[in-house]
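>>> no sequence for this one, just the structure:
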């Protein structure tokens, strides 16, 4: 069955929440569907993120969420591809590729200078897909985090 990707709105929240909750659990976070619903609704309603859902038939099987930001050096907008998840049952169907293609298409449409993402060093399957699709690991910068 073909994968169809469409922009998610508040009307898709019931389809999005289980995928987002599973994504968080993949990264060793506890299940929290009510909190996930509130977080996603706030991001979508405030237009603080752009979310696309992948459907196989009528079933939502994956999503990508991007947050807008800016590059001072480029003096242009960028998109941070913060979240990408495909349900285990739909892996290998092209859903991940379709979501990444839609993210890139959206970035071009809004005039973003680039998309950027981070993934765990141990997530070798995701890294292989990214690199296969033309994403290039950054060698120019060292990234740091400060827990607050």
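Right, received. Where do you want to start? The structure displayed is predicted, hence computed values, not measured ones.
>>> pretty sure residue 127 is touching residue 119, no?
Yes - assessed by Cβ atoms under 8 Å, residue 127 is found in contact with residue 119 at 6.2 Å. Every residue, glycine included, has its C-beta placed from N, CA and C.
>>> got the confidence number for residue 137?
Listed pLDDT for residue 137 reads 89.
>>> now for it: which residues touch it?
Residue 137 makes contact with 127, 131 under the criterion Cβ atoms under 8 Å, 6 or more residues apart in numbering.
>>> can you point me to the longest strand in the protein?
Longest strand of the chain, by residue count under DSSP state E: strand 59-71.
>>> quick one: mean pLDDT over that strand.
97.
>>> okay, residue 146 and residue 116: tell me how far apart.
Look at residue 146 and residue 116: by Cβ to Cβ, to the nearest Å, they are 18 Å apart.
>>> neighbour count for the two, which is higher?
The residue with more neighbours, out of residue 146 and residue 116, is residue 116; 16 against 4, by other Cβ atoms under 10 Å.
>>> host element of the more buried one?
Using DSSP states H and E, residue 116 sits in strand 115-117.
>>> which other helices and strands contact that strand?
Applying 3 or more Cβ pairs under 8 Å, 6 or more residues apart in numbering; DSSP states H and E, one finds that strand 115-117 contacts strand 76-86, helix 95-109.
>>> in its sheet, what does that strand sit against?
Strand 115-117 pairs in its sheet with strand 76-86 (parallel), by DSSP bridges.
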